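[1] Return atomic coordinates for the entry below.
(one chain, ligands or ions: 1)
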Amino acid sequence: MDKKIDPKRTWPKGYEPKEGEDEDITLRLGLMSNILNKKTEKKLNTDIFKVMATRRSTRKFSTNPVERWKIDKILAAADSAPTAGNFQGFEIFYISDKDTKEELVKAANKQPYVNTPLVLVFCMNPARVKLDFSPKVIMKFSIQDATLAAAYSQLAASALGLSSIWIGMFDEEKVKEIIGTDLRPTSLLCVGYPIKKRPAKQRRQLKELIHVVEKKD
Ligand SMILES: Cc1cc2nc3c(=O)[nH]c(=O)nc-3n(C[C@H](O)[C@H](O)[C@H](O)COP(=O)(O)O)c2cc1C
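    The predicted model follows:
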């Protein structure tokens, strides 16, 4: 276990490892491979189909905080999502401050459940997508990158015994101002422990969802 902190490394502000922390700090050097592969003490629901079948949005959260190792995994899950050309045309803003969360509630049409123990704002960053396509295509890629990353985080949260609410209804300009960015936010993912676990919602019938396109004569 390497507990020395490399002074040359830079860390997201507020996310720096502390000397003497009881964890292998090299873990945070490579979010994806290390954190995703790290064995957990608690048995997790690793059957992806079960995670999908049981995930349910929550709007009533307990005040229990989300453990650091779970936050790491949720962020690492976003990092593992496929992106256009692997350029990762998105950014995540991890909101750790109570007042900022309250500001976000106001920016999200006063939806109170935005104020959860863990709030992540997913934003597009089309400038990262270095592909020789029109700006319209680049924007399309970037919005898909950010959305997919948020969806990976949402599923990861579910696998970790947490619940979440995806927020798409918000004032983009207000959110940009609150989190201090020019990047366009695509979704807020608000995560915590549900007060009550509820069964998954019904979906439409498969025959209404799937349209088989057959070869034309
Ligand atoms: C693009 C998108 C936008 C959403 N926006 C909101 C929102 O602003 N507020 C909210 O309470 N739920 C929002 N939701 C959550 C949906 O209402 C929820 O996922 C849906 O009812 C299905 O329920 P389930 O997630 O439990 O399966 C959003 C979900 C998506 C995918």
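
[2] Just give me the longest helix of this structure.
    helix 135-159 (DSSP state H).

[3] can you give me how far that helix is from the chain middle?
    Centroid separation for helix 135-159 versus its chain: 9 Å, with Cα atoms, centre = their mean, to the nearest Å.

[4] does the ligand sit close to that helix?
    No - contact of helix 135-159 with the ligand (Cβ under 6 Å from any ligand atom) is absent, the minimum separation being 7.9 Å. C-beta coordinates here come from the backbone N, C-alpha and C atoms, glycine included.

[5] Next, count neighbours for the closest residue to Pro135 other than its chain neighbours.
    Closest residue in space to Pro135, ignoring its immediate chain neighbours: Pro126 at 7.6 Å, by Cβ to Cβ, 6 or more residues apart in numbering. Pro126: 21 surrounding residues under other Cβ atoms under 10 Å.

[6] if we can go back for a sec, so which bits of the longest helix of the chain are buried?
    138-139, 141-159 (16 or more other Cβ atoms under 10 Å).

[7] Can you give me the distance of the closest residue to the ligand within the chain to Ser96?
    For the chain and the ligand, the shortest gap (Cβ to the nearest ligand atom) falls at Gly168, measuring 2.7 Å. From Gly168 over to Ser96 the distance is 22 Å, taken as Cβ to Cβ, to the nearest Å.

[8] check whether stretch 35-52 contacts the ligand.
    No - under the criterion of Cβ under 6 Å from any ligand atom, the ligand is not reached by stretch 35-52; the shortest gap measures 9.9 Å.

[9] Relative to the whole chain's centre, how far out is that stretch?
    16 Å.

[10] What is the end-to-end distance of it?
    21 Å (Cα to Cα, to the nearest Å).
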